[in-house]
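J.: 3D model of this:
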Amino acid sequence: MFFRILLFSVTTFLVLRALLRHFRRSVISSLPGPTYSSYLAGNFKELFRSEEITDAHFYWSAKYGTAFKIYGEMGMKILFISDPKAIQYILNTSGYNFPKPLSNRISSAIILGPGIVSAEGTQHARHRKILNPAFSFSALREFLPLFRQKASKLVNKLKEGMDSAAVDSNVVDLVPWLSRTTLDIIGAGS
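T.: Below is the predicted model of the structure:
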């Protein structure tokens, strides 16, 4: 009996939430954007395709401009911004005027634990104040020799791979190489 009531309550909540989102007008509603292929998944299928994750970003930005709407799960409208100046303004200049959605903060806290990624407001400012000295220009300048050494090692590995490759293509998948190099730098720098 309890399970049925719980199931009915959750189902009713999700249906009402979806209906409210669908009929509620917002500024985002008037923006252009792609239609969703699935009401449940929104545009996430196109956005996170495994072949080329940036294809959808570039295609939509060329078609709809630097600010457009995409759909999240259950038809939720999401503002998508690809203008570097706007992104800098939102994330750096006045980031506290643009709080992260509660669902993002909760999932960040679950995945990464409580910290700077899931924090907001004064708590985020406190975390950032503690971490800023580690990312100052003078602190990062000390790592330049390490960056150069690892970048040189990467270039040599890529040259070796291209010389020994019996492939007619000039295409090289850099993602795994850059991931390894980043991990090398983090390991050597810590």
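
J.: just checking, Tyr70 is part of a helix?
T.: Careful, residue 70 is Ile; it's not Tyr. No: under DSSP: H, G, I helix; E, B strand; the rest coil, Ile70 falls outside any helix and is assigned strand.

J.: domains in the chain, as residue ranges please.
T.: 2-82, 140-189 (automatic domain parsing).

J.: Show me the helices in the chain, by range?
T.: Counting by DSSP state H, the segments of the chain that form helices are 2-23, 44-47, 55-64, 84-88, 102-112, 121-131, 137-141, 144-164, 175-189.

J.: got those helices as JSON lines, with mean pLDDT, mean neighbour count and distance to Gly72 columns?
T.: C-betas here are computed from N, CA, C, even on glycine. Formatted as JSON lines, the helices of the chain follow (pLDDT from 0 to 100; neighbours: other Cβ atoms under 10 Å; distance: least, Cβ to Cβ, whole Å):
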{"stretch": "helix 2-23", "mean pLDDT": "76", "mean neighbour count": "10", "distance to Gly72": "9"}
{"stretch": "helix 44-47", "mean pLDDT": "82", "mean neighbour count": "17", "distance to Gly72": "7"}
{"stretch": "helix 55-64", "mean pLDDT": "88", "mean neighbour count": "14", "distance to Gly72": "14"}
{"stretch": "helix 84-88", "mean pLDDT": "90", "mean neighbour count": "11", "distance to Gly72": "19"}
{"stretch": "helix 102-112", "mean pLDDT": "84", "mean neighbour count": "12", "distance to Gly72": "9"}
{"stretch": "helix 121-131", "mean pLDDT": "88", "mean neighbour count": "12", "distance to Gly72": "23"}
{"stretch": "helix 137-141", "mean pLDDT": "87", "mean neighbour count": "9", "distance to Gly72": "35"}
{"stretch": "helix 144-164", "mean pLDDT": "87", "mean neighbour count": "12", "distance to Gly72": "37"}
{"stretch": "helix 175-189", "mean pLDDT": "89", "mean neighbour count": "12", "distance to Gly72": "26"}
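
J.: Minimum distance to Leu31: which of those helices has it?
T.: helix 55-64 (7.8 Å; Cβ to Cβ).

J.: Could you check how far that closest one is from the centre of its chain?
T.: 16 Å (Cα atoms, centre = their mean, to the nearest Å).

J.: Tell me the spacing between the residue sitting furthest away from the middle of the chain and Ser9.
T.: Distance from the centre of the chain peaks at Met1, with 41.7 Å (Cα atoms, centre = their mean). The spacing between Met1 and Ser9, counted by Cβ to Cβ, to the nearest Å, is 13 Å.

J.: next one: Ser94
T.: With distances taken as Cβ to Cβ, Ser94 is found 39 Å from Ser9.

J.: again with Ile111
T.: The value you get for Ile111 to Ser9, if Cβ to Cβ is used, is 27 Å.

J.: How about Ala119?
T.: On the measure of Cβ to Cβ, Ala119 and Ser9 end up 31 Å apart.
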